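Engineer: return atomic coordinates for the entry below.
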Amino acid sequence: MKWKCLGLLWSLVGLLCMAGCDGGGGPTGPSNAPVLSNVRANPSQVNQGTGVTIVFSIDFVDFPGDLNGGTAVINDSQGTHYESVVSDAVGTAGTLITSIQLSQWVQPGEVLLTIYVWDLAGNQSNPGYVTITVI
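Structural biologist: As a prediction, this is how the structure comes out:
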């Protein structure tokens, strides 16, 4: 009788444990889009028509940390569209690096660059902004 009660008790415990499972695989953590801040461009002043490479350093927060290898999309205020790969975005926060070769057709003046990044899960960031001067 003692063993039957113990067996019944363990069966009941097992059923209670299984009742809490919905087959969803458990928690996966937050699935947030990357957040960008403090966008810097180097160089911030360029000569027109040179096709210079501009390197962007951008502070980020990204949970669950799948931004490295993602895509950066940069649009300038004169209508040119650029795409680049995100690098150095290791972990869930830090500074990422991406770069573009500025179009030789960009006209002199203040040029606003708007930057978005997509992590490997396809989540789009908020826009980041930086201004460069073309002389």
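Engineer: which regions of this structure sit below the pLDDT cut-off?
Structural biologist: For the chain, the stretches with pLDDT under 70 are 1-31.
Engineer: quick one, strands of it?
Structural biologist: Ranges of strands within the chain are 35-42, 45-46, 53-61, 71-76, 81-85, 93-101, 109-118, 128-134, based on DSSP state E.
Engineer: just checking, what packs against the longest one?
Structural biologist: Same thing as strand 109-118. strand 35-42, strand 53-61, strand 71-76, strand 93-101, strand 128-134 (3 or more CB pairs under 8 Å, 6 or more residues apart in numbering; DSSP states H and E). C-beta here means a position set from N, CA and C on the backbone, and glycine is covered the same way.
Engineer: could those go into CSV alongside distance to E110 and mean neighbour count?
Structural biologist: CSV is the format used below for those (distance: least, CB to CB, whole Å; neighbours: other CB atoms under 10 Å):
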stretch, distance to E110, mean neighbour count
strand 35-42, 12, 15
strand 53-61, 14, 18
strand 71-76, 11, 19
strand 93-101, 17, 17
strand 128-134, 5, 17
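Engineer: next, format the ones you listed as JSON lines and append distance to Y116.
Structural biologist: Shown next, in JSON lines, are those (distance: least, CB to CB, whole Å):
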{"stretch": "strand 35-42", "distance to Y116": "8"}
{"stretch": "strand 53-61", "distance to Y116": "11"}
{"stretch": "strand 71-76", "distance to Y116": "5"}
{"stretch": "strand 93-101", "distance to Y116": "11"}
{"stretch": "strand 128-134", "distance to Y116": "8"}
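Engineer: which of these sits closest to L112?
Structural biologist: strand 128-134 (5.3 Å; CB to CB).
Engineer: now do that closest one: distance to the chain's middle.
Structural biologist: How far strand 128-134 lies from its chain's middle: 20 Å, per CA atoms, centre = their mean, to the nearest Å.
Engineer: swap in stretch 80-91?
Structural biologist: The answer for stretch 80-91 is 9 Å, by CA atoms, centre = their mean.
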